[in-house]
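J.: I'd like to go over a predicted model; first the sequence, then the structure.
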Amino acid sequence: MNIAVCVKQVPDSAAKVVAEDDRVSWGDAPLVLNPWDEYAVEAALQLQEAAGGEVTAVSVGGESAKEALKTALAMGCTQAILVSDPALAAADSQAIAHVLCAAIQKIGGVEAACFGRQAIDGDMGVTGAQTAHLLGWLMLGLVSKIEFKDGKLQVERSFEEGIQIAECPLPAALSVSKDIGEPRYPSFMGIRKAARAEIPTWDLAALGIEAPASVVRWPRISNPPVREIKTEMIEGGSPQEIAEKLVERILEEKVL
Amino acid sequence: MNGKILVYIDQFKGEALPVSWEALGAAGMLGAPAGGSVSVLVLGAESRRVAEQAFQFGIQQAYYCDDATLDDYRPDPYAAVVTAAARAGAYDVLLFPTTVRGREQAALSAVELGGGVMPDVTALEVSDGRLVATRPVYAGKLLAEVVCDAAPVVITTRVRAFKKPSADPALKGEPVRVEAAVPEGDIRIKVTGYRQAEAGVSLTDANVVVAGGRGVANNPALSPPAGLDEKAAEIWRGEQGFKLIDELAAVLGAAVGASRAAVDAGYIPYEHQVGQTGKIVSPDLYIALGISGAIQHQAGMRSSKVIVAINKDPDAPIFKLARFGVVGDIYQIVPPLTEEFRKRLEK
Ligand SMILES: Cc1cc2nc3c(=O)[nH]c(=O)nc-3n(C[C@H](O)[C@H](O)[C@H](O)COP(=O)(O)OP(=O)(O)OC[C@H]3O[C@@H](n4cnc5c(N)ncnc54)[C@H](O)[C@@H]3O)c2cc1C
Ligand SMILES: Nc1ncnc2c1ncn2[C@@H]1O[C@H](COP(=O)(O)O)[C@@H](O)[C@H]1O
């Protein structure tokens, strides 16, 4: 069974991100593999261990996204593919889903596609379900545990009320939560393999599709209003006195 | 915009998730001035009861489907009913609450209906006849104004970003049952069981959150029982620390949160994690105990109304967000704090 894992390159989670003239700037902060996609890679590798086959990491992005793909290779993915095309510069999540759908079909023999919970730049959390729908596959969102038995996937999914345990045939797409397990570290061999890897780039022509329509736009990006927080340090006296003062002040805020 | 809005009410066993009613509040803001209408759709077992309840918020129509194929939440049969209802009513806005099911259904219906999806929205306005949504992006470091050039516009509303509309029990109506669209034989996924989440106040909906970090394990006066290895001893220390947190939370009727460091160390399960890779909360009061306030933690709690921090380190970044701060040891401050709250709140 072949597995695809969709990964995005994003600014590091600790980056100071600001809006400058409606453009997003993260200074010289590094670009990394989307942290949620590390869990997706982990899930894909777990599935591969259970079911065999190859794991292909796919990213839609610019040339630099090859670095994120190399991280996925170092973790143990079999191969990686970059999909890059100038026509995708302003693609929305639905357009990306169309492209990922075409890429997964082109890889061939893919029966499971793994996604991260969300990309930490746009914080959308929808691309997995949209791609699944376009593929005509089942979507299993927020999977916290995955097993492959008798040709079927057995998964646990997290909902507000608790965990749902479900079973389904392939093909299926899934997005994973943190409970899937800590992403494995790149191995020494993996890092060497990734460093030497030639990552093929497919454009839209190679996928045999036109640029898909993007309908959601971000005409304005701004820095959130600065909250004037006057911090009041409660000090002096015994812990008991501090506690009394603190409770008094909190009650005055009328939030309880 | 024709102002026809459909709101998906997410429910479990006849109880609407609170953010569903908040989505209805967002719909009221849009529909009312434009002379439009607001309808709701509720799916699953006991959905009729929830549909009846919805009328008290002043909606025009409530649709429900309690077909047996929808007893368990499964994305495809749910999406088939949602999209059929959306088509039948020619709505130009579909609103979902930002829940696991809501976000998934929003994504699926947008792509099926050829609309566009804008998840986790915190503000909505109509400007020149078009809907402009505000969404926090980059973990809330930025705000994006987003617009959609296709219909329907599909939106999910962030928890606690919109006000639940006021209820008038005198308002009543007769919900309309709609049909399921996929027969059981065509549904590929089978649900085989459930495991309930631990009881307690839901973190995302909570008015008050008390959260603990790595610091809760740091009580030199406590020594773990003999025979534990290093890791088990560390977890034991963390669990003792969270007892302190639990007691304060119980007195305040608060939900318990945690930093990733506390979760990763095994003091408390992941479902309590607040932050960029955990839950986003926005309570009226957030009390951070032994949490340094890393940027990824801030991403999950920055929008809390009043933040209180207790930390030994006067330079901890959490103090920059705090309305009130105490530089001190939580093991000294929290027990009298809990007692004091108990005394004051009982009156
Ligand atoms: C991709 C990514 C995603 C992440 N997502 C999240 C997330 O979702 N949520 C999250 O929280 N973190 C997240 N992190 C981790 C984050 O960077 C920090 O490592 C984490 O928040 C630190 O947790 P902490 O404050 O409990 O621990 P520390 O930073 O170790 O702080 C412990 C604090 O406790 C204080 N302390 C110690 N003993 C006492 C005592 N007895 N009394 C009072 N104070 C005491 C110390 O002074 C210190 O400030 C993420 C990191 C990455 C890279
Ligand atoms: N440009 C992209 N290339 C590859 N995968 C992507 C891309 N954008 C999103 N994804 C996948 O979809 C998931 C959800 O992304 P989003 O809906 O943008 O939050 C991510 O965690 C990735 O697994």
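T.: Sure thing, it's come through. Ligands and ions are numbered 1, 2, ... in the order given.

J.: Grab the nearest non-local neighbour of the closest residue to ligand 1 within the stretch 51-200 of chain B.
T.: Per Cβ to the nearest ligand atom, residue B:139 is where the stretch 51-200 of chain B lies closest to ligand 1, at 9.0 Å. The C-beta positions use only the backbone N, C-alpha and C, and glycine is treated the same way. Nearest non-adjacent residue to residue B:139, counting by Cβ to Cβ, 6 or more residues apart in numbering or on different chains: residue B:299, 3.6 Å away.

J.: now swap in residue B:330 and tell me
T.: Of all residues not flanking residue B:330 in the chain, residue B:289 sits nearest, at 4.8 Å (Cβ to Cβ, 6+ apart).

J.: Need the pLDDT of that neighbour.
T.: Residue B:289 is assigned 98 on the pLDDT scale.

J.: Report the separation between it and chain A.
T.: To chain A, residue B:289 is 12 Å away according to Cβ to the nearest Cβ, to the nearest Å.

J.: Next: residue B:157.
T.: In this view, residue B:157 and chain A are 14 Å apart by Cβ to the nearest Cβ.

J.: residues touching that residue, list them.
T.: If you count contacts by Cβ atoms under 8 Å, 6 or more residues apart in numbering or on different chains, residue B:157 has them with B:19, B:22-23, B:26, B:95-98, B:120-121.

J.: quick revisit: quick check, the residue of the stretch 51-200 of chain B closest to ligand 1 in a strand?
T.: No. Counting by DSSP: H, G, I helix; E, B strand; the rest coil, residue B:139 is not found in a strand; it is coil.

J.: tally of neighbours for residue 103?
T.: In the absence of a named chain, this looks at chain A. Counted with other Cβ atoms under 10 Å in any protein chain shown, the neighbours of residue A:103 add up to 25.

J.: The chain in question should be chain B.
T.: 24.

J.: Could you pull up phi and psi at residue B:40?
T.: In terms of degrees, to the nearest 10, the main-chain angles of residue B:40 are phi -120, psi 160.

J.: follow-up on the earlier one: correct me, but the residue nearest to residue B:330 touches residue B:214?
T.: No. Contact between residue B:289 and residue B:214 fails when scored by Cβ atoms under 8 Å: they sit 10.6 Å apart.

J.: So between the two, which is more surrounded?
T.: More crowded of residue B:289 and residue B:214, by other Cβ under 10 Å: residue B:289, with 29 against 19.

J.: who's that one bridged to?
T.: According to DSSP bridges, the partner residues bridging residue B:289 are residue B:212, residue B:310.

J.: which residues are in contact with the one helix or strand in chain B whose mean pLDDT sits lowest?
T.: In chain B, no helix or strand scores lower on mean pLDDT, DSSP states H and E than helix B:18-31, which sits at a mean of 90. Identification of contacts with helix B:18-31 by Cβ under 8 Å, 6+ apart yields B:3-5, B:7-11, B:36-38, B:40, B:54, B:57-59, B:93, B:95-99, B:102, B:121, B:124, B:126, B:131, B:155-165, B:204-205.

J.: Just the buried ones out of those residues, please.
T.: With burial judged by 16 or more other Cβ atoms under 10 Å in any protein chain shown, the buried subset of the contacts of helix B:18-31 is B:3-5, B:7-11, B:36-38, B:40, B:54, B:57-59, B:93, B:95-99, B:102, B:121, B:124, B:131, B:155-162, B:165, B:204-205.

J.: Domains in chain B, by residue range?
T.: Residue ranges for the domains of chain B, per automatic domain parsing: B:4-186, B:208-346.

J.: do the last one and ligand 1 meet?
T.: Yes. Using Cβ under 6 Å from any ligand atom as the criterion, contacts between domain B:208-346 and ligand 1 involve B:213-215, B:218, B:259-262, B:273-278, B:290-292, B:294, B:296-297, B:300, B:310-313, B:316, B:329-331.

J.: Report the distance from that domain to the chain centre.
T.: In this view, domain B:208-346 has its centroid 20 Å away from the chain centroid, taken as Cα atoms, centre = their mean, to the nearest Å.

J.: next one: stretch B:177-192
T.: Mean-position distance between stretch B:177-192 and its chain equals 27 Å (Cα atoms, centre = their mean).
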